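[1] Sequence first, predicted coordinates after that:
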Amino acid sequence: MKRTEIIYLFLLFSVTVAISSGFLVLKGDFGAIVVTGKAAIRRGESFSLEVPVSGLERPVLAYSRGASLLDFQTAEGTISYLFIADDPDAVIVVEYNGLFKARKTVSLDFEDFVDENFDDFPDMLVLDSNDAWCFRAWFVNIAAYQAIQFSGRWSNQERDCSGLIRFAAREALRVHDDNWFRETGIDTRLWFEKTGIDLTILPDVVKYNYPAIPIVGPKLFIDSSGQFTYFADAYNLVRSNMVYRGRDIASARPGDIIFFHHPSPSTFHSMIYTGDGLIYHTGPLSPGDSGSLKVWSLNDYMRMMPYQWLPINNNEYFLGVYSFKWLPRM
């Protein structure tokens, strides 16, 4: 055998060994992808996916469903991806690109979120007293500002009593930076002139912000089947999304909701309590009239409105005072 043939065979053998070794390393890396955290992970809890890094291959997080990526850190030989469990199950796909191209799918099942009071809402999403105050303040101010100008982020299809509540709740939970004020059309100087309230110094909710809310994401409300959703009408707001506070309007706090029900035809109506008044949207009044926003002082409302719309204990149409489930029950 000629010397050149021997060299060629040696090189071929070396390359084959290198490729085989690389493949074995990749196979080992795949087998070493592990999930760390509690043995039984609940929705709303965090966990880590530890992905080995080899010299020939670089892992890439290609896809995830059912879990939100919070952060990642690279240490020697490992990338650690920190997730939070959102849905009952999750799928995470890791791709390796380099000498070999491959992907691994990690499937996970999670236990349901903690719900010690059995109200179908995650206990971990209940705000503390400071965040609750911030939410109530933003909620009332955002709703009241619509009397000056409807926000472009409040869609025409949601211009009714429950739509005002959904819109103001979502926006109250957001981060209120310059972009937010610009997109909502809220003029902070005008609002300060009219109310003396400086929205630029009003603190945001700290625990989480819409739409990146653990477990529920942008689906903030609960429908009649108990599923989280973007939409809930007045009936489903009071039925599935609120905590009953009583029938005494004097005990209501700013940002609480009062509900009415007229049985013939069956109609639910909701209003936002501001602390000294009420805000609500009338909803469409006719095919040519989309309705309007009403802002009342409580004294004027109690004096001028008909009996069936009064929040008084002996009004059979008055359902009571309620608050969102994410507010503390104290």
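    Done, it's in.
[2] any low-confidence regions in this protein?
    Low-confidence segments of the chain (pLDDT under 70): 1-32, 55-57, 98-100.
[3] per-domain residue ranges of this protein.
    According to the TED database, the chain comprises the domains 3-109, 123-324.
[4] Counting neighbours, which bits of stretch 75-84 end up buried?
    Of the residues in stretch 75-84, those buried under the neighbour-count criterion (16 or more other CB atoms under 10 Å) are 79, 81-84. The way it works is simple: take the backbone N, C-alpha and C, and place the C-beta from them, glycine included.
[5] How about residues contacting that stretch?
    The list of residues contacting stretch 75-84 from outside it, by CB atoms under 8 Å, 6 or more residues apart in numbering, reads 44-53, 59, 61, 64, 67-74, 90, 92, 214.
[6] again, only using 10 Å
    With CB atoms under 10 Å, 6 or more residues apart in numbering as the contact definition, stretch 75-84 has outside contacts at 29, 32, 35-37, 41, 43-55, 58-61, 64, 66-74, 90, 92, 94, 108, 212, 214-215.
[7] Buried among these? Make that a PyMOL selection.
    To isolate the buried ones among those in PyMOL, judged by 16+ other CB under 10 Å, type:
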select buried, resi 29+41+43+44+45+46+47+48+49+51+52+54+59+61+64+66+67+68+90+92+94+108+214+215
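[8] I'd like the domains of the chain written out as TSV, with distance to Glu116 added.
    What follows is the domains of the chain, written out as TSV (distance: least, CB to CB, whole Å):
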stretch	distance to Glu116
domain 3-109	12
domain 123-324	6
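[9] just those: most buried one?
    When neighbours are counted by mean count of other CB atoms under 10 Å, the highest per-stretch mean among the domains of the chain falls to domain 123-324, a mean of 17.
[10] before we move on, back to that, now, the contacts of stretch 75-84 that are in strands?
    By the criterion of DSSP state E, membership of the contacts of stretch 75-84 in strands covers 35-36, 46-52, 58-61, 64, 67-74, 90, 92, 94, 108.
[11] Could you export stretch 277-291 as PDB, CA atoms only?
    Listed in PDB are the C-alpha atoms of stretch 277-291, where the atom choice follows Å, rounded to 0.1, in the frame of the first residue of the first chain:
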ATOM      1  CA  GLY A 277     -69.300  58.900  43.100                       C
ATOM      2  CA  LEU A 278     -70.000  56.500  40.300                       C
ATOM      3  CA  ILE A 279     -68.700  56.000  36.700                       C
ATOM      4  CA  TYR A 280     -70.400  53.800  34.100                       C
ATOM      5  CA  HIS A 281     -71.000  53.500  30.400                       C
ATOM      6  CA  THR A 282     -74.600  53.300  29.400                       C
ATOM      7  CA  GLY A 283     -74.000  50.900  26.500                       C
ATOM      8  CA  PRO A 284     -75.800  51.200  23.200                       C
ATOM      9  CA  LEU A 285     -79.100  53.000  23.600                       C
ATOM     10  CA  SER A 286     -80.300  52.400  20.000                       C
ATOM     11  CA  PRO A 287     -79.000  51.400  16.600                       C
ATOM     12  CA  GLY A 288     -77.900  54.900  16.000                       C
ATOM     13  CA  ASP A 289     -76.800  55.800  19.600                       C
ATOM     14  CA  SER A 290     -73.700  53.900  21.000                       C
ATOM     15  CA  GLY A 291     -74.300  55.400  24.400                       C
END
